[in-house]
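1. here's my sequence, what's the structure:
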Amino acid sequence: MKTQQRDQTQHYLNAQATLEAVPGLMFLDTRASIGQQAISAFGVAAVDPGLVNTNRTQVATLSVSPYIRGRAAGAVDYELRADAAESRAKDTQTGDVRTRGGLFSLKGADDGLGLNWNASLRAQQQLPREGRETETLTASIGLNYRPDVDWRVGGSIGRQRSDLQSSVARDGATYGLNANWTPTARTTMSADWADQVFGRTHALSLEHRWARASIRLSDSRSVTTGILGGTGSQSNYDLLFLQFASIEPDPIKRDQLVRQYLQNNGLGAGATTTPGFLSSSPNLTRRQDLSMSWANQRSTATLGVNQSRSRSLSQQSVGSGNVTPTPAVLQRGYSLTLSHRLTPDSSASVVLQQQQSRGDSANQSTDLKSITANWNAKLGRRSSIQLGTRHSNFYSVARQYRENAVLATFIQQF
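-> Predicted structure coming up:
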């Protein structure tokens, strides 16, 4: 690809760790990530994150959660947890959010089947660098019933105080229902619904795998802050990890099997979804995802289709903590990947992608389409080469472009 752009360095990180400070009692969870993210939903979008784009920035997130967990008097399980997280975007303060909170929960010792109880007190505070600080406090009690090993149902009732919608905190009752059904070792269905002070939320999911295929459906509505719209889809790695459970039950060995399969077939581990955008204000986001995979010894097909609707909860001006100039954003996208191994050491693949963003007005619209074809070959035990070509079309009211690229990538593993 010929370009006059300057050389640049991009950082990517996805790490997590758990420390057992005191065996069986005190623990510490940590997570860290670094990646590229679109700033505005209606800015210029590109398939290749390596291209210089003023609408993209690097986002780093770190979270730390120490907690104590144990059982008292042999009959009550308890957990006391503190949470602290911070997200920072380079070259912009939008999306910079510091979150802190805590949880204290009690539940009856779970002996398997039958009726059980639980109670919790949760506090969460969000402090953005742009926009208004918010705080939510929730106290609830609930019952769970497990009639057999395949079913679990439950409900909860409580009280909540929140200022997500305005600077004046609202106080009200909250209710919730949940269910989980695992009819077979290959099928899982779950549902979670809650009526809260700021609105109703839910999470529905269905997973099923066959010997050579897997499918996952999900529908959720939740409060989000930071990166909106661009999360939730299953990656190539996630889909194949689910599918290969029938081949290798051990998760560590399965991880190695999936990564080797992706490398042999010239497939990336990640998933291409709707691009998402940055926001420091709280939003109520509805997201729907369909992910499918099919694989045999030489061929692979993966499909991801998703849609998200985000609407600001704040009654303040739209520009407060949000680069995107509209209180509501609709994003849709799909990614279809077809791959075939030509020889034991080479493969070919084709990737079709489309990403759309829509706002409340006619001039708030973007559309990005692309097709990429790659040839991948192993040069040795730890090295490989990939040659490819890509065609992209981007359209918005303010900007349009076409891209034709020839790509060459050399990979050396250590």
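
2. which SSE is immediately downstream of the lowest-mean-pLDDT helix or strand in the chain?
-> Of all helical and strand segments in the chain, the minimum by mean pLDDT, DSSP states H and E falls on helix 236-243, at a mean of 74. Of the helices and strands lying after helix 236-243 in sequence (DSSP states H and E), the nearest is helix 251-264.

3. alpha carbons of the helix or strand following that next one, as CSV, please.
-> Proceeding N to C from helix 251-264, the next assigned helix or strand is strand 277-295, under DSSP H and E. Coordinates of each C-alpha in strand 277-295 appear next as CSV, following Å, rounded to 0.1, in the frame of the first residue of the first chain:
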residue,chain,number,x,y,z
PHE,A,277,-17.7,5.6,19.6
LEU,A,278,-16.5,7.4,22.7
SER,A,279,-18.8,9.0,25.3
SER,A,280,-18.4,10.2,28.9
SER,A,281,-22.1,10.5,29.6
PRO,A,282,-24.3,7.6,30.7
ASN,A,283,-26.3,6.0,27.8
LEU,A,284,-29.0,3.3,27.7
THR,A,285,-27.9,0.9,25.0
ARG,A,286,-29.9,-1.9,23.3
ARG,A,287,-27.7,-4.4,21.4
GLN,A,288,-28.5,-7.4,19.4
ASP,A,289,-26.0,-9.9,18.0
LEU,A,290,-26.0,-13.0,15.9
SER,A,291,-22.7,-15.0,15.5
MET,A,292,-22.3,-18.3,13.6
SER,A,293,-19.3,-20.5,12.7
TRP,A,294,-18.8,-23.6,10.6
ALA,A,295,-15.4,-25.4,10.4
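
4. so the helix or strand just after strand 277-295 versus strand 277-295, what angle?
-> With elements assigned by DSSP H and E, the helix or strand that comes after strand 277-295 is strand 299-312. In terms of direction (axes from the mean of the first three to the mean of the last three CA atoms, to 10 degrees), strand 299-312 departs from strand 277-295 by 160 degrees.

5. mind listing what's buried in the next helix-or-strand element following strand 299-312?
-> Downstream of strand 299-312, the first helix or strand assigned by DSSP H and E is strand 328-343. Within strand 328-343, the residues that count as buried by 16 or more other CB atoms under 10 Å are 328-339, 341. C-beta here means a position set from N, CA and C on the backbone, and glycine is covered the same way.

6. can you check stretch 86-98 too?
-> By neighbour count on 16+ other CB under 10 Å, the buried set for stretch 86-98 is Ser87, Arg88, Ala89, Thr92, Thr94, Gly95, Asp96, Val97.

7. then stretch 129-140?
-> Glu130, Gly131, Arg132, Thr134, Glu135, Thr136, Leu137, Thr138, Ser140.

8. isn't the last one up against Thr174?
-> Yes: A contact is recorded between Ser140 and Thr174 when judged using CB atoms under 8 Å, the distance being 6.6 Å.

9. overlap in contacts, these two.
-> Counting by CB atoms under 8 Å, 6 or more residues apart in numbering, the contacts common to Ser140 and Thr174 are Ser156, Ile157, Gly158, Arg159.

10. closest one of these to Asn178?
-> Nearest to Asn178, judged by CB to CB, of the shared contacts of Ser140 and Thr174 is Ser156 at 8.1 Å.

11. neighbours around that closest one, how many?
-> Ser156: 19 surrounding residues under other CB atoms under 10 Å.

12. would you mind confirming that it is in contact with Ile141?
-> Yes: with contact defined as CB under 8 Å, Ser156 and Ile141 form a contacting pair (6.6 Å).

13. low-confidence bits of the stretch 201-350 of the chain, can you list those?
-> Residues of the stretch 201-350 of the chain that meet the criterion pLDDT under 70 lie in 226-235, 246, 264-275, 315-326.

14. re earlier: what packs against the least confident helix or strand of the chain?
-> Under the contact definition 3 or more CB pairs under 8 Å, 6 or more residues apart in numbering; DSSP states H and E, helix 236-243 sits against strand 199-209, strand 213-228, helix 251-264, strand 277-295.

15. now that helix: buried residues?
-> In terms of neighbour count (16+ other CB under 10 Å), helix 236-243 has its buried residues at Asn236, Tyr237, Asp238, Leu239, Leu240, Phe241, Leu242, Gln243.

16. same check, this time on stretch 405-413
-> Using 16+ other CB under 10 Å as the test for burial, stretch 405-413 gives Ala405.

17. also stretch 157-170?
-> For stretch 157-170, the neighbour count (16+ other CB under 10 Å) marks Gly158, Gln160, Ser162, Asp163, Leu164, Gln165 as buried.
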